[in-house]
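just coords:
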């Protein structure tokens with residue numbers, strides 16, 4: 001099967017009528033069974049009575065949902081009972097069953113792709129990262145489909161794969177399973193879900209990596225991300241996601257979070273290389289991995305890759321550290337703007353300097369304190385990713401895991417039917 005992938009063209013300024021704007025896709029909300037499963041993920045091992053209190057469901061509903069979840073191998077009773085001995089029936093707590101199923105993940109970056117396996121508690125079991133051999137969509141997707149069975153054979157330990165989640169940058173339509181536009185790869189309207197479902201036989205979910213990681217923070221990260229979260233992803237691609245009350249904002253054109261071209265004004269260097277949009281001083285053109293390697297060369301620090309530049313900074317090389325600190329200040333400028341626009345409980349920064357170099361996180365928070373009109377406590381409101389060191393492996397798996405927890409009694413092919 002061959003894919004028709006056309007290079008994206010820069011859009012002209014045209015008027016848009018309200019009738020031309022597509023309707024927003026449905027908001028994914030937890031089902032009753034999903035609420036029960038999520039409560040067990042958060043608090044397990046946990047008694048049924050506590051689940052009822054946490055979810056607001058009746059004890060009878062919780063009993064019914066847990067019975068179906070146990071029948072599908074998603075939940076099990078803990079071996080240890082609770083409650084006073086000899087006084088009535090002991091409480092047998094529930095926990096997530098990690099012994100029967102896994103989810104698979106794939107993250108498609110600009111230069112490489114990562115395939116991973118994740119258990120139902122969100123723990124990474126294995127990952128495999130390989131460089132791309134070109135940017136042709138069919139070739140990259142075929143490579144993912146070929147690598148996944150080898151990872152399953154080596155690391156799934158006989159557990160069935162429930163679904164494959166795929167994450168990548170830029171504009172992704174999760175309802176259609178299509179990468180609408182990825183300029184660095186030259187992809188436009190690539191039907192990722194259909195291609196990988198046909199190649200693997202799995203149910204495939206597709207989303208942007210920023211939304212996937214925001215969902216991962218809600219499910220597996222700190223509890224403070226539940227009410228509302230902005231996630232700012234800074235890598236080869238720069239984008240963002242916004243979630244509130246458990247729902248991810250998508251936008252009618254799947255374009256929410258497109259922050260790559262935020263102008264930095266005098267804070268940016270307006271350096272030697274213009275942005276892909278034709279302007280200078282855009283956020284992505286100043287802080288992306290490619291920009292960092294270019295800036296290192298301008299400072300006389302020759303590195304073969306962004307990874308090598310990060311390694312130099314981690315061992316204290318002064319020029320490398322200075323570049324990451326400059327990056328943190330520029331990211332802080334964008335973070336301040338996002339905090340003022342959305343006023344979230346937490347802004348999560350997915351950027352290795354903020355996650356691994358304390359002075360970078362301090363610089364970023366200082367910039368927020370100086371620029372934001374809304375955020376009065378950057379120490380609390382601006383945090384690094386919960387998944388530093390495993391961000392790409394987490395992103396793909398989180399797409400599949402998020403869909404499972406939203407509707408665990410849905411038509412998942414590897415699960416037994418519920419009678």
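Received, thanks. All of these numbers come straight from a predicted model, not from anything done at the bench. Numbers count the residues shown, from 1 in each chain.

Helix or strand with the lowest mean pLDDT in this protein?
The helix or strand with the lowest mean pLDDT-type score in the chain, counting by mean pLDDT, DSSP states H and E, is strand 247-248 (a mean of 90).

what comes up buried for whichever strand or helix holds residue 397?
Per DSSP states H and E: residue 397 is located in helix 391-406. Residues 391-406 are the ones in helix 391-406 that count as buried (16 or more other Cβ atoms under 10 Å). Placement of C-beta: from N, CA and C, glycine included.

Give the other helices and strands that the least confident helix or strand of the chain contacts.
When contacts are defined as 3 or more Cβ pairs under 8 Å, 6 or more residues apart in numbering; DSSP states H and E, strand 247-248 packs onto helix 209-220.

quick one: strands adjacent to the least confident helix or strand of the chain?
As defined by DSSP bridges, the strand partners of strand 247-248 come to strand 238-244 (antiparallel).

what's the angle between the strand it pairs with and helix 209-220?
Orientation check (axes from the mean of the first three to the mean of the last three Cα atoms, to 10 degrees): strand 238-244 against helix 209-220 gives 40 degrees.

May I see the buried residues of strand 238-244?
Those would be 238-243, for strand 238-244 by 16+ other Cβ under 10 Å.

Count the residues that sit near residue 388.
For residue 388, the neighbour count with other Cβ atoms under 10 Å is 14.

Then residue 253?
Counted with other Cβ under 10 Å, residue 253 comes out at 13.

Please apply the same query to residue 216.
Residue 216: 27 neighbours (other Cβ under 10 Å).

Which pLDDT value goes with the nearest residue to it once chain neighbours are set aside?
By the measure of Cβ to Cβ, 6 or more residues apart in numbering, the closest residue to residue 216 outside its immediate chain neighbours is residue 398, 3.8 Å from it. The model reports residue 398 with a pLDDT of 97.

Over to the one 3 residues further on?
In the prediction, the pLDDT value recorded for residue 401 is 97.

ok, the residue nearest to residue 216 touching residue 212?
Yes. Residue 398 is in contact with residue 212 according to Cβ atoms under 8 Å; the separation is 4.6 Å.

anything in contact with each of those two?
165, 167 (Cβ atoms under 8 Å, 6 or more residues apart in numbering).

pLDDT below threshold where in the stretch 251-400 of the chain?
Scanning the stretch 251-400 of the chain for pLDDT under 70 picks out 265-273.

Please repeat the previous calculation with a cut-off of 50.
270 (pLDDT under 50).

And for the stretch 101-250 of the chain?
Judged by pLDDT under 50, no stretch of the stretch 101-250 of the chain qualifies at all.

give me that answer again for 80
Scanning the stretch 101-250 of the chain for pLDDT under 80 picks out the ranges 223-224, 246.

those strands in it, which residues are they?
In the stretch 101-250 of the chain, the segments counted as strands under DSSP state E, counting those that start in this stretch are 101-108, 112-119, 124-131, 160-168, 171-173, 178-182, 187-190, 204-208, 228-234, 238-244, 247-248.

Can I take it that residue 259 is in a helix?
No. Applying DSSP: H, G, I helix; E, B strand; the rest coil, one finds residue 259 to be coil, outside a helix.

Taking strand 228-234 as reference, get the angle to the helix holding residue 397.
Using the same axes, to 10 degrees: helix 391-406 against strand 228-234 is 150 degrees.

Can you list the helices and strands that helix 391-406 packs against?
Going by 3+ Cβ pairs under 8 Å, 6+ apart, helix 391-406 lies up against helix 32-43, strand 101-108, strand 112-119, strand 124-131, strand 160-168, strand 204-208, helix 209-220.
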